[in-house]
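Asker: dropping the sequence and predicted coords here.
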Amino acid sequence: MSEPLLDSLLVPEHVTLREAIAALERNHQGVILVTDASRRALGLLTDGDVRRLVLRNVPLDAPAREHANANFMFWPVGSPREGAVAVMRQRHLRHLPVLDAEGRVVDVVCLDQINYQTFDNEVVIMAGGLGTRLRPYTERCPKPMLEVAGKPMLEHILEGLLGQGFSRFCLCVNYLGDQIANHFGDGRRWGASIRYVREPRRLGTAGALGLLDPAPTRPFLVVNGDVLTRVSYRQLLEFHERHGAAATVAVRGYEIQLPYAMVEVQDQRVTALVEKPVKAYLVNAGIYCLSPEVLTLVPRGDPLDMPDLLERARQAGHTVVAFPVHEDWLDVGRPDDYRTAQTRFGEAAPSAASPS
């Protein structure tokens, strides 16, 4: 938001309701923030709030601060903007203030001003695994429902996709799948549409795709239900279509440092010694974009893992490409990863508490 427009949303704490109404009429945004001299947010007033106050015959000479909502929803500065958009869609908010750690107004996200592109492409989320490596956490809870910063991992994934314009989802469930279905339902609570594929048995990381009915008729995303990331799914879809690919696999750089010096030998002669070298690899990030023709390679009801499906596609002559992920990414597969997730992805949660 431009600085002049942001300034038009801020009013000092001593203004009256009459002056606040005048500010609302001037900025044409339907919201104002009451702030102190250091720009710290003290409360929020919308045009709807003002209309209700007028209907209650509240004197217009009353201080606006006394009637402003001090417990408004806000977004922490530095958190991903797409997360804010997801929250706004879910809670039907037109505006979301962005505050720093001291509660000062840094920006205001206005949904009306966002060039918000929506996608009809379906997102299939694989959420049926046993989560064996995360026991005992997963003994009574499916891995995607383990909480990170107060809500299930799968909810973080869903909101990240919603914030980027995706709203059609298929959740593939097996182990304790009822917990997932009971929490998310048909998705209306999130402004989404959710359907389910219930695996009759564990079908691996790709086998459930053979049960999609109806099957997607356009490129679709496949996301593992234990991957937390801030990747641009929109760019992944565009990359897939631009390269004319049948399958696109997101890849992440991964380095391993050998704990010993590496010795290169040729015909018993030492040709090089390298102290504790670092080996760099590209690893599967658990995020894919697939075109419908790939589904013909998935047997209905039989187990199949995604690497095997990608190899089948490659062997069949389909174009399989790699999309590098440079954004924050974490595969929550082990207890240490789960603990890391609490700090790396917990700060993106919005707050509904008073910023003071």
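Answerer: Everything's here; your move. All figures in this text were calculated on a predicted structure; none of them were measured in a lab.

Asker: rest of the way, CA atoms for contacts and neighbours
Answerer: Fine.

Asker: so where do the helices sit in the stretch 251-356 of the chain?
Answerer: Counting by DSSP state H, counting those that start in this stretch, the stretch 251-356 of the chain has helices at residues 306-315, 335-344.

Asker: quick one: the strands in the stretch 51-200 of the chain?
Answerer: Applying DSSP state E, counting those that start in this stretch to the stretch 51-200 of the chain gives strands spanning 75-76, 95-99, 105-110, 123-127, 147-148, 151-152, 168-173, 193-198.

Asker: roughly how far apart are Gly253 and Arg339?
Answerer: 21 Å (CA to CA, to the nearest Å).

Asker: now do the SS call for Ser38.
Answerer: Classification of Ser38 using DSSP: H, G, I helix; E, B strand; the rest coil returns coil.

Asker: excluding chain neighbours, what is closest to it?
Answerer: Among residues not flanking Ser38 along the chain, Arg104 sits closest, at 7.2 Å (CA to CA, 6 or more residues apart in numbering).

Asker: surely that neighbour meets Ala41?
Answerer: Yes: in this structure, Arg104 is within contact of Ala41 by CA atoms under 8 Å, at 5.8 Å.

Asker: so who does Thr319 touch?
Answerer: By CA atoms under 8 Å, 6 or more residues apart in numbering, the contact set of Thr319 is 244-247, 313.

Asker: for Arg300, that is, sorry about that
Answerer: Arg300 neighbours (CA under 8 Å, 6+ apart): 207, 210-211.

Asker: what about Val251, distance to Pro219?
Answerer: In terms of CA to CA, Val251 sits 18 Å off from Pro219.

Asker: when Arg104 and Ala41 are compared, which one has more neighbours?
Answerer: Ala41 (28 against 20; other CA atoms under 10 Å).

Asker: all helices of the stretch 51-200 of the chain, in order?
Answerer: 64-67, 81-91, 153-162, 177-184.

Asker: just the buried positions in the last one, please.
Answerer: By neighbour count with 16 or more other CA atoms under 10 Å, helix 177-184 contains the buried residues 177, 180-181, 184.

Asker: can you redo these as TSV with pLDDT and distance to Arg52?
Answerer: Formatted as TSV, these follow (pLDDT from 0 to 100; distance: CA to CA, whole Å):
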residue	pLDDT	distance to Arg52
Gly177	86	44
Ile180	92	39
Ala181	92	38
Phe184	92	33
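
Asker: quick one: which of those is nearest Pro136?
Answerer: Proximity of those to Pro136 (CA to CA) peaks at Gly177, which lies at 17.6 Å.

Asker: wait, the closest one sits on Gly128?
Answerer: Yes: counting by CA under 8 Å, Gly177 does reach Gly128; the two are 6.9 Å apart.

Asker: Asp36: which of the strands of the stretch 51-200 of the chain is closest?
Answerer: Asp36 sits nearest to strand 105-110 of all these, at 10.4 Å, using CA to CA.

Asker: and the angle from that closest one to strand 95-99?
Answerer: Counting by axes from the mean of the first three to the mean of the last three CA atoms, to 10 degrees, strand 105-110 points 160 degrees away from the direction of strand 95-99.
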